[in-house]
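> Quick one, fold the following:
(one chain, ligands or ions: 1)
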Amino acid sequence: MYNKKKVYPAINPISSQKHTLKKVFWIVSLLLLGFSCGLKEKNIRIAVARFSHETCTFCPKPTTIEDWEYSGPPSRELFTSNRGYIGGFKTICEEYGGIELVGIISPRGARGGSSGSWITEEAFDKYSNLIADDLRKAGHLDGVYLSLHGAMAVTGVPRPEAELVRRVRNAVGDIPIMVALDLHANEDHELSDVADAVFIIKRYPHYDTTLIGEHAARVMIKTIRGQYKPTMATRKPGVITPSVFQGTGVSPAMDIMERARRWKCRNNDVYVSVAFGFAYADVPDVGATVMVVTNNNQELADRIADDMSDYIWRKRKEFAGKRLPKTRKGVTLAIAAVKAGKSPVVIADHSDRTGGSTHILEELIKQGAKNFCIATLCDKKAIDEIESRAKAGDSITIDVGGYSDKYAGNPVRIEGKVEYLDKYERETMAVLLFGKNNRVILTPHLMQVTTPRIFRPLGINLDDLDIIVLKSRVHFRRGFHETGLAGAIFEVDAPGLGPADLTILPYKNIPKDIYPIYKKD
Ligand SMILES: [Zn+2]
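A predicted model of the protein is given here:
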């Protein structure tokens, strides 16, 4: 329908003025008719839905419908930004023109993000069926674009994203279904068997979500126009890595993504994706995944996927076998770096996945550190208590943290002053000032601080800080490393649900030959 030739009116040989006017009338009419038919023909309708979660199955609290609807009911308002997986997709569709994007009712982000444990089957059924039913009611569709994180873990559903796409397929039939994923996705061939194409971001911190949305849109449009036939190959190299080692600014994570980009540069219309996977999920498709999309070339897709998978396997020891300093050593190193003039020094408390761990706070106090800030410590109970008996400026003695999970350490007694007690981004937060100009920022849920912009609104002057403790693995590099702000960075392996040493986690459902859990070499 898109190659239809335009119809031009024949030239009339009679040349009186009357005839000329008549001629003009017919030409204009025909052009208008042709234009309106053309518009109708070119109107492509693509449905867009979102269902994203990174589930930490070792974390204590299941993710329920209440968590999913904490910030509002499911909504069709998906096109509010030009950035991200959906914003990038939208931008390209607008550039092409003649494309109608149909927002499908989708759940928002779940409370607590990836500190949430197993999603209940009830919640998964509710939202995947809501999406499928809304697609059934959406009228004629030419394609479906799904923005999924890819690391959902659902009680009773081993591969939730593949199951969601199956339900979507049942609803829409044989039209292209394309999926965009985070690089922490845990997937395997079950997803690529049922989806037409899968695209995964390549950078951690995740700078390229908009870009991957744009890639997906181009392939979607070309596929609908019959100019592209997505053909996929999927491989599981059998390697699992902790998030803290996956930053793509360092080798070998950087080299793996560079190799994927090289393959893409050498082959027109090829999309090479690698998910490093999310290790803190006890699921059968855990670990790295390679997914290659070509234009109707299975042999090329297989060849690239094999090469990428072999490469990741060859790099497994460098990638998964590193060791990090424990709490005492890490804190000692940070204090020494301050003495060497490297302020501000960042400690990444990477293993704390619930946000309330006090190991590093306790150790900083013990070693006499000053000018430090714990950004952040998750403790809703402490915030409620402060609200009930104090206001900003008051002195207070209160126990904080140490209960968000079984590795979270002991509550730490703070004798100090309430420096801030107010809303920050819809939630009430508190800042306590204590000891030698030290601070702890209390948040009601896990809050991963990735840039220093949080400090000023809370009344904290960045220049006052020698040590900043972040509950983050790699995302903090966005605002503290790649900006050149931190004088030194220490990733510290305190006890926690997200350890760098994965061999200590009580996995039950993962493949029995995965490196470094079962295969040691
Ligand atoms: Zn991620």
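> how distant is stretch 168-178 from the center of its chain?
The gap between the average C-alpha position of stretch 168-178 and the chain average comes to 24 Å, counting by C-alpha atoms, centre = their mean, to the nearest Å.
> can you tell me the distance between the two ends of it?
Counting by C-alpha to C-alpha, to the nearest Å, you get 11 Å between the two ends of stretch 168-178.
> Report the buried residues of that stretch.
Neighbour-count burial for stretch 168-178, counted by 16 or more other C-beta atoms under 10 Å, picks out 168-169, 171-172, 175-178. Where C-beta positions appear, they are placed from N, C-alpha and C, glycine not excepted.
> Rounded mean pLDDT for that stretch, please.
Predicted confidence along stretch 168-178 averages 98 (mean pLDDT).
> ok, now stretch 333-341?
Per-region confidence: stretch 333-341 scores 98 on mean pLDDT.
> Going C-terminal from the helix or strand of the chain with the lowest mean pLDDT, what's the next secondary structure element?
The weakest-scoring helix or strand in the chain, judged by mean pLDDT, DSSP states H and E, is helix 17-42 (a mean of 54). Toward the C-terminus, helix 17-42 is succeeded by strand 44-51 as the next helix or strand (DSSP states H and E).
> Can you name the residues of the stretch 51-200 of the chain that neighbour the ion?
Within reach of the ion by C-beta under 5 Å from the ion, the stretch 51-200 of the chain has these residues: 182, 184.
> Okay, strands next: where are they in the stretch 51-200 of the chain?
In chain order, the stretch 51-200 of the chain shows strands spanning 62-63, 99-103, 117-119, 143-148, 177-181, 197-200, with DSSP state E, counting those that start in this stretch as the criterion.
> Not counting its own residues, what contacts the helix or strand that the last one is followed by?
Elements were assigned by DSSP H and E; along the chain past strand 197-200, the next helix or strand is helix 209-224. The list of residues contacting helix 209-224 from outside it, by C-beta atoms under 8 Å, 6 or more residues apart in numbering, reads 44, 46, 82-93, 96, 99, 142-143, 145, 147, 176, 178, 180, 182, 196-197, 199-202, 228-230, 271, 293.
> again, only this time at 6 Å
Helix 209-224 is contacted by residues 44, 83-85, 87-89, 92-93, 96, 142-143, 176, 178, 180, 197, 199, 201, 228, 230 when judged by C-beta atoms under 6 Å, 6 or more residues apart in numbering.
> Stretch 128-142 too?
Contact with stretch 128-142 is made by 44-45, 47, 49, 74, 102, 104-105, 164, 167-168, 171-172, 224, as judged by C-beta under 6 Å, 6+ apart.
> how about CSV for the buried residues of stretch 168-178, with distance to Lys508 added?
As requested, those are arranged in CSV below (distance: C-beta to C-beta, whole Å):
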residue, distance to Lys508
Val168, 29
Arg169, 30
Ala171, 33
Val172, 35
Ile175, 38
Pro176, 36
Ile177, 31
Met178, 33
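> just to revisit the earlier point, going through the contacts of helix 209-224, which ones are buried?
The neighbour-count test (16+ other C-beta under 10 Å) applied to the contacts of helix 209-224 identifies 44, 84-85, 87-89, 92-93, 142-143, 176, 178, 180, 197, 199, 201, 228, 230 as buried.
> Can you find the residue of the stretch 351-500 of the chain that comes nearest to the ion?
The ion sits closest to His475 of the stretch 351-500 of the chain, with a gap of 7.9 Å, by C-beta to the ion.
> which SSE is that residue in?
With DSSP H and E as criterion, His475 is part of no helix or strand.
> of all the contacts of stretch 128-142, which comes closest to the ion?
Distances from these to the ion were compared by C-beta to the ion; the smallest belongs to Leu164, at 18.4 Å.
> With that, I have no additional questions.
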